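Novice: Sequence and predicted structure below; questions after.
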Amino acid sequence: MRWSRQLLPTLREAPLEAEIPSHQLLLRAGLARRLGAGLYTFLPAGLRALRKVEQIIREEMDRAGALEVLMPALQPTDLWARTGRLETLRDVMFHVRDRQERDLVLGPTHEEVITDLVAREINSWRQLPRTFYQIQTKFRDEIRPRFGLMRAKEFIMKDAYSFDADEAGADASYRAMYSAYERIFQRCGVRTKAVEADTGAMGGKSSHEFMVLAESGEDGLVECERCAYAANRERAESATAPRIEWPEDRAPAEIVATPGARTIEQVSQYLDVAPSRLVKTLIYLADSRPIAALVPGDRELNEIKLRRATGAEALTLADDATIERVTGAPVGFAGPIGLNVPIWADLWLRGGRGLIAGANRADAHVVHVDFERDVGELAFADLAFARGGDPCPRCSDGVLREQRGIEVGHVFRLGTKYSRALGAEFLDESGVRKPVIMGCYGIGVTRTLQAVIEQNRDEQGIRWPISVAPWSVEVVVVNLQNAACVETGERLYAELGAAGLDPLLDDRDARPGVKFNDADLLGLPFRVTVGERSLARGVVEIRRRAGGDVVELPPAEAVTWLVGQVRKGLEG
RNA sequence: CGGGGCGUGGCGCAGCCUGGUAGCGCAACAGCUUUGGGAGCUGUGAGUCGUGGGUUCAAAUCCCACCGCCCCGACCA
């Protein structure tokens, strides 16, 4: 490809809209352009890189035995009603209506469609197991699209679905996808970490997320410094018996005045005690019934954990009126003592003494609280978010460390949630009708592309891994007025193309500095500089974008050398 | 959805407070010079000032409504 005939609009400055480095580079290197909030056009260079990511995914899915299909983005609403997700996913789906006034949605994911297909087409244990996948456009009405391709309203996803006759088979399918994912991300040149995750709206039994570690990541995760434990912050467990040194405070509970001190910060300042000695009392409505949830004052309640502990379907923070009715006090003075609703307390409060809690009375708190002595019936559960510095829940002496990551893949064990709802059943060897056991597996293809950039860059621009670079080699003709430069550059370009290396020729009539800076910005793995200076010595310069190391070779040898390097790079 | 900010040639912005000829830098185009890390000179083209309404002799500027975009937050105690 010749630069002069390509649409490769590089930008000197990062547009204001771009916040994180990969988003800025996406725009500056001329890979994509924004149409509207969360909507992007891929320009030729960006599309080439995207297609390479897709191809890697396709090869690894095929290698793992998955079968490629293509399902419609436009889907009948009633299919979604059958699994209950028309309601749970209502707000994230785009709803449309056709001229017959039929209600349709633009698919945010495809469990319903694929399970419906399997329900129709698979009837016997002899047809199992099967795993299907597609690479297709998804639509999600994100609350706040952000960071370019990272969180878009329309994006490309690889989604796969496995169908098995029994648990052992489902496990094998899950493991096959898990290891395919490891290979995919490794081949794309991103380092990922698999972490335990919450299954969220997908439902099912358990899941792992593949995280690209990055400062700009939207997800928090914790990992043990000693053992293999790693989990999304939403999911991370606390150690069952955290070691806490409680103060030797045996004084009887006592009500003290705390005028106007409603928040943890205010109370802790007013009484001059650390927030960790305070009890944070939250009133929730669990399936419309009020409950109290207690966590240490310096910790955050994890609603996912509270929902799991209580078994509630719907969990919402109580409104002010309910709080006042339940506690008999204005908001800000709730406490566990004398509270007449079910109480759930975080593990970190077990055995707590010398604590401070709301008095269920305006402008008052209780001090010297001893949980076992002063609070009536309550249940302990893991309720708070885990955080860095906490003991590891799996090994004896490990400590958790916090990191940020970009979720590029997610694998789920779904069980029979969808197969039961949609009648995907088969006859087993003894003629018994059973629901198929499912798994589902997603990769954000467009997000992965941007994650590659986020993790492979420097001050000058992108440093594409060979496997997904839009082109593998850029030939820079330094001076178009110099016939020898032009001729050598053209010949190299032709020979590289003939050797199968998809080169990019910068044949623009621009200053050398402009071309060099653009080459660094676009970041193709190799740059061949054809200039008078080196040509006078009978060589061209080959510079590796990643390491910056330079090799000088006669033009005739350059092609062979590059072919070898690219091949080696793709294998490694 | 709540809060904040911004909409002025392709991009980045000034002008608005205090109403009176629409500007600057970059980019683009033409010519000449220049050619190993974002060149110089000369010239040229390009803007219904987000949209609609109002006030006024006169609106980019003041008022109202709407639209779009960006940031923060969204049960965060």
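Specialist: Arrived safely. Numbering: from 1, shown residues only, chains lettered A, B, ... in the order given.
Novice: Quick one: residues contacting A:Ala362.
Specialist: Listed by Cβ atoms under 8 Å, 6 or more residues apart in numbering, the contact set of A:Ala362 reads A:Ala329, A:Pro330, A:Phe333. From N, CA and C alone the C-beta is placed, and that goes for glycine too.
Novice: Pull out the buried residues from the residues you listed.
Specialist: Using 16 or more other Cβ atoms under 10 Å as the burial test, the contacts of A:Ala362 include A:Ala329, A:Phe333 as buried.
Novice: So which of the contacts of A:Ala362 belong to helices?
Specialist: Using DSSP state H, no member of the contacts of A:Ala362 falls within helices.
Novice: where does chain A have its least confident helix or strand?
Specialist: strand A:315-317 (a mean of 82; mean pLDDT, DSSP states H and E).
Novice: what packs against that strand?
Specialist: Packing partners of strand A:315-317 (3 or more Cβ pairs under 8 Å, 6 or more residues apart in numbering; DSSP states H and E): strand A:279-286, helix A:303-310.
Novice: how far does that strand sit from the chain's center?
Specialist: Centroid separation for strand A:315-317 versus its chain: 25 Å, with Cα atoms, centre = their mean, to the nearest Å.
Novice: next SSE after that strand?
Specialist: Counting by DSSP states H and E, the next helix or strand C-terminal to strand A:315-317 is helix A:320-327.
Novice: In the stretch 401-550 of chain A, where is pLDDT below threshold?
Specialist: Counting by pLDDT under 70, the stretch 401-550 of chain A contains no low-confidence segment.
Novice: That should have said the stretch 1-150 of chain A, apologies.
Specialist: For the stretch 1-150 of chain A, no range has pLDDT under 70.
Novice: And the strands in it, which stretches?
Specialist: Ranges of strands within the stretch 1-150 of chain A are A:32-36, A:39-42, A:67-68, A:74-76, A:94-97, A:103-106, A:130-139, based on DSSP state E, counting those that start in this stretch.
Novice: What would the second one look like as PDB? C-alpha coordinates only.
Specialist: C-alpha atoms of strand A:39-42 as PDB (Å, rounded to 0.1, in the frame of the first residue of the first chain):
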ATOM      1  CA  LEU A  39     -19.900   5.100  17.700                       C
ATOM      2  CA  TYR A  40     -16.800   4.700  15.600                       C
ATOM      3  CA  THR A  41     -15.800   4.300  12.000                       C
ATOM      4  CA  PHE A  42     -12.800   2.100  11.300                       C
END
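Novice: What is that strand packed up against?
Specialist: Contacts defined by 3+ Cβ pairs under 8 Å, 6+ apart place strand A:39-42 against strand A:32-36.
Novice: So what's the gap between the strand it packs on and the chain middle?
Specialist: 22 Å.
Novice: what residues does it touch?
Specialist: Contacts of strand A:32-36 (Cβ under 8 Å, 6+ apart): A:Glu17, A:Leu26, A:Leu27, A:Tyr40, A:Thr41, A:Phe42, A:Leu43, A:Gly46, A:Gly148, A:Leu149.
Novice: Could you rerun that using 10 Å?
Specialist: Contact with strand A:32-36 is made by A:9, A:15, A:17-18, A:23, A:26-27, A:39-43, A:45-47, A:49-50, A:145, A:148-149, A:152-154, A:446, A:449-450, as judged by Cβ atoms under 10 Å, 6 or more residues apart in numbering.
Novice: Keep these, but drop any that are not near RNA strand B.
Specialist: Among the contacts of strand A:32-36, the ones lying near RNA strand B by Cβ under 7 Å from any atom of the strand are A:Pro15, A:Glu17, A:Pro145.
Novice: Run the chain-centre distance for stretch A:461-477.
Specialist: Chain-centre distance of stretch A:461-477: 26 Å, with Cα atoms, centre = their mean.
Novice: That one spans what distance, first to last residue?
Specialist: Across its full length, stretch A:461-477 reaches 20 Å between end residues, using Cα to Cα, to the nearest Å.
Novice: just stretch A:200-210 next, same as before
Specialist: 15 Å.
Novice: Likewise for stretch A:294-302?
Specialist: Length of stretch A:294-302, first residue to last, Cα to Cα: 11 Å.
Novice: And that stretch, what's buried?
Specialist: Of all the residues in stretch A:294-302, those buried under the rule 16+ other Cβ under 10 Å are A:Leu294, A:Val295, A:Pro296, A:Gly297, A:Asp298, A:Arg299, A:Leu301, A:Asn302.
Novice: Output those residues as CSV; include the columns secondary structure, distance to RNA strand B and pLDDT.
Specialist: CSV is the format used below for these (DSSP: H, G, I helix; E, B strand; the rest coil; distance: Cβ to the nearest atom of the strand, whole Å; pLDDT from 0 to 100):
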residue, secondary structure, distance to RNA strand B, pLDDT
A:Leu294, strand, 11, 91
A:Val295, strand, 7, 90
A:Pro296, strand, 11, 89
A:Gly297, coil, 9, 87
A:Asp298, coil, 10, 86
A:Arg299, coil, 8, 87
A:Leu301, strand, 4, 87
A:Asn302, coil, 8, 87
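Novice: Within its local environment, how many residues does A:Ala168 see?
Specialist: Neighbour count of A:Ala168, defined by other Cβ atoms under 10 Å: 10.
Novice: Surely it forms part of a helix?
Specialist: Yes. Per DSSP: H, G, I helix; E, B strand; the rest coil, A:Ala168 lies within a helix segment.
Novice: What strands line up against the least confident helix or strand of chain A, and which way round?
Specialist: Sheet pairing of strand A:315-317 (DSSP bridges) gives strand A:279-286 (antiparallel).
Novice: and the angle for the partner strand with helix A:303-310?
Specialist: Relative orientation of strand A:279-286 versus helix A:303-310 (axes from the mean of the first three to the mean of the last three Cα atoms, to 10 degrees): 70 degrees.
Novice: need the residues of the stretch 101-250 of chain A near RNA strand B, please.
Specialist: Those residues of the stretch 101-250 of chain A that sit near RNA strand B, judged by Cβ under 7 Å from any atom of the strand, are A:Ile143, A:Arg144, A:Pro145, A:Arg146, A:Phe147.
Novice: Please list only the buried members of these.
Specialist: A:Pro145, A:Phe147.
Novice: For the residues of the stretch 101-250 of chain A next to RNA strand B, work out which two are farthest apart.
Specialist: Using Cβ to Cβ, these span at most 13.7 Å, a distance reached by A:Ile143 and A:Phe147.
Novice: mind checking the longest strand of chain A?
Specialist: As assigned by DSSP state E, the longest strand anywhere in chain A is strand A:400-415.
Novice: Mind giving me the packing neighbours of the helix or strand following that one?
Specialist: Using DSSP H and E, the helix or strand that directly follows strand A:400-415 along the chain is helix A:417-422. Under the contact criterion of 3 or more Cβ pairs under 10 Å, 6 or more residues apart in numbering; DSSP states H and E, helix A:417-422 touches helix A:111-121, strand A:433-435, strand A:437-444.
Novice: Now do the last one: which elements does it pack against?
Specialist: On a contact count with 3+ Cβ pairs under 10 Å, 6+ apart, strand A:437-444 meets helix A:44-63, helix A:111-121, strand A:130-139, strand A:154-164, helix A:167-187, strand A:206-213, strand A:400-415, helix A:417-422.
Novice: same check, this time on the second one
Specialist: Strand A:433-435 sits against helix A:417-422, strand A:425-427, with contacts defined as 3+ Cβ pairs under 10 Å, 6+ apart.
Novice: Dead centre of chain A: give me the residue that sits there.
Specialist: Residue closest to the average C-alpha location in chain A (Cα atoms, centre = their mean): A:Glu407, at 1.5 Å.
Novice: List the residues that contact that residue.
Specialist: Taking Cβ under 10 Å, 6+ apart, we find A:Glu407 in contact with A:150, A:192, A:195, A:197, A:209-212, A:217-219, A:221, A:232, A:442, A:444, A:447, A:451.
Novice: For it, give its distance to A:Thr115.
Specialist: 24 Å (Cβ to Cβ, to the nearest Å).
Novice: close enough to count as contact, A:Ala197 and A:His410?
Specialist: Yes. Assessed by Cβ atoms under 10 Å, A:Ala197 is found in contact with A:His410 at 6.6 Å.
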